[in-house]
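Just a sequence and a predicted model for now, questions to come.
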Amino acid sequence: MRKQLFVIILCLAGLLASHESNAQGCSDAGFCTMGAMKPDQYYSKKVNVKLRSVEINAYRGSTTLSPIIYVLTADMTFAITDRLFIQGKIPYQAVEGNLGKTSGLGDISLSLTQNLTTLKGGMLSATLGTKLPSNNSDLEKQDNEFLSKGSDFPMYYQVSLGSYDLIFGGSWINEKWMLATGVQIALTENQNDFRWGQWPGYPDGQADGEIDPYIEKYALANNLKRGIDVMFRVERNFRFTNFNFNIGLLPIYRITHDERLDFNTNERIKVEGTTGLALSALAGVGYSFDVKNSIKFIYGQKIMDREVNPDGLTRHVVTSLSYVYRF
């Protein structure tokens, strides 16, 4: 375990020295914080049959381009039995950047988590979940006379991924360590129709038909179906009477290509550069005022990313602050 901790600390030191990299913002995709895969989970050898909580989380993510993403999430967990838990997450998202502002209800997450058994001094748990889209990823720009009518925002500005997703996951947790893995599968396509040619002359408002090079930095995601993501989480926790902190790594590997509609040929294509590893490092601190009330802060930054990200989930830095009430 000491060698593993040393590796994590080295990685964290390396990422803090780098400010030119980008990060995958898993909170937007959802499954990295669902059920058994949720970070900074409290472990106790004695099962608490009244484990229920409401968490209010404020999230900020900076992207590789101009958009800044803000998300306020109500995260609720309720015990059905002493080993079976249901979790629901309802986010409200706002985005602002060079192309404008958007806001609205984000994708809703639901999951069931079963504590299976104790294994080598830790708890083994499994999660089955889903993500429900709040819209079709087709929010449009309305207030610019130089844009074509019905010009969809790129995915960076969409508050929903526009797809129904299926999630599987599991974790092993003890007093010091958390090891988790999960799979997220997009079952449907979105209905985004962002096109570079609908944004001529941006940002100067020149109706000359020329496409500003900045617009082409936003990947096309027409009727996008995201590839399958596989995540792993390794986290080391340090817990004291009221205070705790943790460090960890979060690799997410997209094992299949994203697919989208090529509107020039009206055929679906696999998007090159969308498979591969997105690796982030996380650090968090928490403080418990009493057995019911606590706060926690999480900071994440990218180490490695995929070449192309049509879903708009790429992040440079993410931070989140939460208040947790247990009852």
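Yes, it's here.

what bits of the stretch 151-300 of the chain have low per-residue confidence?
The model of the stretch 151-300 of the chain has pLDDT under 70 over residues 201-211.

Now do the strands for it: every range, in order, please.
151-152, 165-173, 177-186, 229-239, 243-254, 259-262, 267-270, 276-288, 293-304 (DSSP state E, counting those that start in this stretch).

Strands of the stretch 1-150 of the chain, start to end?
For the stretch 1-150 of the chain, applying DSSP E, counting those that start in this stretch gives strands covering 23-24, 53-62, 68-79, 84-97, 100-105, 108-119, 122-132, 140-141.

Out of those, which is closest to Gly227?
Closest approach to Gly227 among these is made by strand 23-24 (12.9 Å; Cβ to Cβ). C-beta here means a position set from N, CA and C on the backbone, and glycine is covered the same way.

Look at Asp82 and report its pLDDT.
On pLDDT, Asp82 comes in at 86.

can you check Leu99 too?
The model reports Leu99 with a pLDDT of 89.

Asp305 now?
87.

Distance of it relative to Ile108?
Using Cβ to Cβ, to the nearest Å, one gets 27 Å for the distance from Asp305 to Ile108.

nearest spatial neighbour of Asn174, skipping sequence neighbours?
Gly122 (3.5 Å; Cβ to Cβ, 6 or more residues apart in numbering).

got it, and Arg83?
Asn115 (4.2 Å).

OK, contacts around that neighbour?
Counting by Cβ atoms under 8 Å, 6 or more residues apart in numbering, Asn115 makes contact with Val47, Arg83, Leu84, Phe85, Met123, Leu124, Ser125.

repeat for Ser125
By Cβ under 8 Å, 6+ apart, the residues touching Ser125 are Gly35, Ala36, Thr113, Gln114, Asn115, Leu116, Gly170, Ser171, Trp172, Ile173.

wait, what's in contact with the fourth one?
Gln114 makes contact with Arg83, Leu84, Phe85, Ser125, Ala126, Thr127, according to Cβ under 8 Å, 6+ apart.
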